[in-house]
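S.K.: Show me the folded form of this:
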Amino acid sequence: MQTVIDLMTIYPMTVAPDTPLEVVWEMMEREDVRQLPVVERERLVGIITERDVRTVLRSDLFEIGSAEMVMTENPITVTPNLPLYRAAEMLRAYKFGALPVVDEGRLVGIISVSDFLEEALHHSVEDARV
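M.R.: Numbers count the residues shown, from 1 in each chain. Have a look, this model is predicted:
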């Protein structure tokens with residue numbers, strides 16, 4: 001049975017709680033990601049999404065704010081050994097774009113809807129070749 005570790009992005013890009021929102025937005029655009037884990041002293045403290053930043057994009061908060069001001073604190077997480085189907089169920093049920101992957105309190109990855117779509121596409125292409 002496949003588990004989260006088989007599909008997750010290992011050691012994803014992260015931001016600190018005090019990262020300015022302008023920097024967060026630039027990172028998201030440059031790296032084409034929709035969510036960034038927020039880490040402090042190697043511990044996951046939140047997650048900030050593209051939607052979080054967009055809600056303040058045209059306000060004063062965008063210019064003076066930081067990740068911690070708009071992030072979701074203590075996000076729902078999964079472990080590397082969780083079966084993939086359970087992670088998929090969680091993404092669907094909560095309507096999340098991604099889930100941080102934590103092992104012994106430390107962020108070790110992130111698994112996203114895009115990861116599942118890429119996997120499905122990969123298998124579809126393989127099946128079409130047969």
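
S.K.: Let me see the contact set for residue 42.
M.R.: Applying C-beta atoms under 8 Å, 6 or more residues apart in numbering, we find residue 42 in contact with 106-107. The way it works is simple: take the backbone N, C-alpha and C, and place the C-beta from them, glycine included.

S.K.: what's the spacing between it and residue 81?
M.R.: Here residue 42 is placed at a distance of 20 Å from residue 81 (C-beta to C-beta, to the nearest Å).

S.K.: What of residue 96?
M.R.: Relative to residue 81, residue 96 is positioned 20 Å away (criterion: C-beta to C-beta).

S.K.: And residue 104, by the same measure?
M.R.: When C-beta to C-beta is the yardstick, residue 104 and residue 81 sit 12 Å from each other.

S.K.: okay, these two: which has more neighbours?
M.R.: Using other C-beta atoms under 10 Å as the criterion, residue 104 and residue 81 rank with residue 81 on top: 10 against 6.

S.K.: A helix includes the more buried one, no?
M.R.: No: residue state for residue 81 (DSSP: H, G, I helix; E, B strand; the rest coil) corresponds to coil; a helix is not indicated.

S.K.: Quick check: it touching residue 4?
M.R.: Yes: counting by C-beta atoms under 8 Å, residue 81 sits close enough to residue 4 to count as a contact (7.1 Å).

S.K.: Quick check: bridge partners of the residue nearest to residue 71 when sequence neighbours are not counted?
M.R.: Leaving aside its chain neighbours, residue 71 sits nearest to residue 46 (3.6 Å; criterion: C-beta to C-beta, 6 or more residues apart in numbering). Counting by DSSP bridges, residue 46 is bridged to residue 38, residue 73.
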